[in-house]
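Visitor: just coords:
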């Protein structure tokens with residue numbers, strides 16, 4: 001009886017690990033899409049609304065789901081705190097990315113595109129900032145396509161692999 005309960009628990013744990021990994025493959029393209037929407041909203045605020053960068057970041061964060069909203073809200077909060085300490089936009093942007101990145105399903109390619117974007121925002125005129133935002137959006141769209149390919153390739157495999165590895169462990173134990 002104890003072996004049966006242990007086998008069921010091992011199967012359950014292996015299955016859940018597989019499903020968790022598969023959910024990360026599914027979350028990555030969705031989060032990249034949300035990030036693209038955030039940058040497009042930021043581009044609209046800066047380019048057409050003539051909104052100052054701190055206000056544009058705050059406004060963009062209000063209409064997005066987590067984890068992208070949390071990232072932009074942190075940037076906004078760090079900018080407000082950084083004014084007293086003399087922090088630049090780039091420093092606040094990178095600090096917020098470092099804080100929030102582990103909570104996302106995104107990879108280093110998306111992070112490096114955002115770091116490059118952060119170093120260009122806030123130091124040039126409006127048109128140049130819009131160009132940098134569009135470039136970042138194009139880079140993220142390419143990463144989104146790659147993430148969708150990874151999702152279609154690996155999501156189902158992770159689910160199956162979790163169940164099969166757990167079954168193998170149960171067979172080896174019993």
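Guide: Received, thanks. Only a predicted model underlies this, so the values are computations on that prediction, with no experimental measurement involved. Residues are numbered from 1 along each chain as shown.

Visitor: So which residues make contact with the helix or strand residue 55 falls within?
Guide: In this assignment (DSSP states H and E), residue 55 forms part of helix 53-61. Applying Cβ atoms under 8 Å, 6 or more residues apart in numbering, the external contacts of helix 53-61 come out as 38, 41-42, 45-46, 49, 51, 68-69, 71-73, 75-76, 79-80, 89, 121-122, 129. No exception for glycine: its C-beta is placed from N, CA and C like everyone else's.

Visitor: Return the members of these classed as buried.
Guide: 38, 41-42, 45-46, 51, 68-69, 71-73, 75-76, 79, 89, 121-122, 129 (16 or more other Cβ atoms under 10 Å).

Visitor: mind listing which of the residues you listed are in helices?
Guide: Secondary structure defined by DSSP state H assigns 38, 41-42, 45-46, 68-69, 71-73, 75-76, 79, 89, 129 of the buried ones among the contacts of helix 53-61 to helices.

Visitor: Grab the two from these that are most spread out in space.
Guide: Longest distance between any two of those is 21.0 Å, between 69 and 129; criterion Cβ to Cβ.

Visitor: wait, doesn't residue 111 sit right on residue 102?
Guide: No. Counting by Cβ atoms under 8 Å, residue 111 sits too far from residue 102 to count as a contact (10.6 Å).

Visitor: of the two, who's got more company?
Guide: residue 111 (15 against 7; other Cβ atoms under 10 Å).
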